[in-house]
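Colleague: the following comprises the amino acid sequence and a computationally predicted model.
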Amino acid sequence: MLFQIVSFLLDIATGLLAGACLLRLYMQYQRIPFGNPIGRLVFALSDWIVLPLRRAVPPVGRWDLASLLAAFLLELAQYLLLALLLSAFGATSLPLVPGLALFGLLRLVVSGLTGLLIVYAIMSWVGGQSPLYGIVDRLCAPPLAPIRRVLPPVGGLDLSPLVLLVVLQVASIVLNHLQASLLR
């Protein structure tokens, strides 16, 4: 029970902080200004880890590798703490920690994009009056574009977010299966 509680709390904290680092990476790649409430929140949550890493890890083109490394290090710290907690109970999983952190990072990307698409769908249903709608729309447009090229609107209804949500759920199932096979 203690392990589940600690794992849950670490998952929330890591998801929030590493998710902010990944959103920072993606917003910088998409050249979305950070002067909006989302950008300010992302900076507030990620500056403490990204800025020191940026001194050692320069960006590559439009990719801010310091933000990506920060997200990975946060996932690594989470799984290291969990492995150390498990080792206190006699289980040893330290050699698996980097692989688990990588899977955790990939799962975070999938769940973050899923959450972003849900927010996008809800905002589009209520009319898109919010100033944040433009930012969410710009963040969702690139992954939706290939689907929109193949699947035109049906009766004036854009089904591309639904298709992408299904694809993301399949990706989540595959990631969980691959992670489970790593743990065997």
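Modeller: Nice, thanks for sending it over.

Colleague: C-alpha only now, for contacts and for neighbours.
Modeller: Noted.

Colleague: report the central residue of the protein.
Modeller: The centre of the chain sits closest to Val109, judged by Cα atoms, centre = their mean, with a distance of 3.1 Å.

Colleague: okay, it and Trp63: tell me how far apart.
Modeller: Computed with Cα to Cα, to the nearest Å, the distance linking Val109 and Trp63 is 15 Å.

Colleague: tell me the contacts of the residue nearest to Leu53 when sequence neighbours are not counted?
Modeller: Closest residue to Leu53 apart from its sequence neighbours, by Cα to Cα, 6 or more residues apart in numbering: Ala66 at 5.4 Å. The neighbours of Ala66, taking Cα atoms under 8 Å, 6 or more residues apart in numbering as the test, are 50-51, 53-54, 57-59.

Colleague: residue with max distance from the center of the chain?
Modeller: No residue in the chain has its C-alpha farther from the mean C-alpha position than Gly155, which lies at 32.4 Å (Cα atoms, centre = their mean).

Colleague: how close does it sit to Ser130?
Modeller: 25 Å.

Colleague: repeat that for Ala171.
Modeller: Distance check for Ala171 against Ser130: by Cα to Cα, it reads 31 Å.

Colleague: for Leu157, see how far away the residue nearest to the centre of the chain is.
Modeller: According to Cα to Cα, Val109 stands 27 Å off from Leu157.

Colleague: same thing with Ala83?
Modeller: Distance check for Ala83 against Leu157: by Cα to Cα, it reads 47 Å.

Colleague: which one of those two has more residues nearby?
Modeller: Of the pair Ala83 and Leu157, Ala83 is the one with more neighbours under other Cα atoms under 10 Å, namely 19 against 8.

Colleague: touching, the more buried one and Val97? I think so.
Modeller: Yes. Using Cα atoms under 8 Å as the test, Ala83 is close enough to Val97 to be in contact (7.3 Å).

Colleague: who's in contact with the nearest residue to Ile38 once chain neighbours are set aside?
Modeller: Here the nearest residue to Ile38 in space, its sequence neighbours aside, is Leu132; by Cα to Cα, 6+ apart that works out to 7.8 Å. Under the criterion of Cα under 8 Å, 6+ apart, the neighbours of Leu132 are 36-38.

Colleague: quick one, helices of the protein?
Modeller: Counting by DSSP state H, residue ranges of the helices within the chain are 2-29, 37-56, 65-88, 97-125, 132-150, 160-183.
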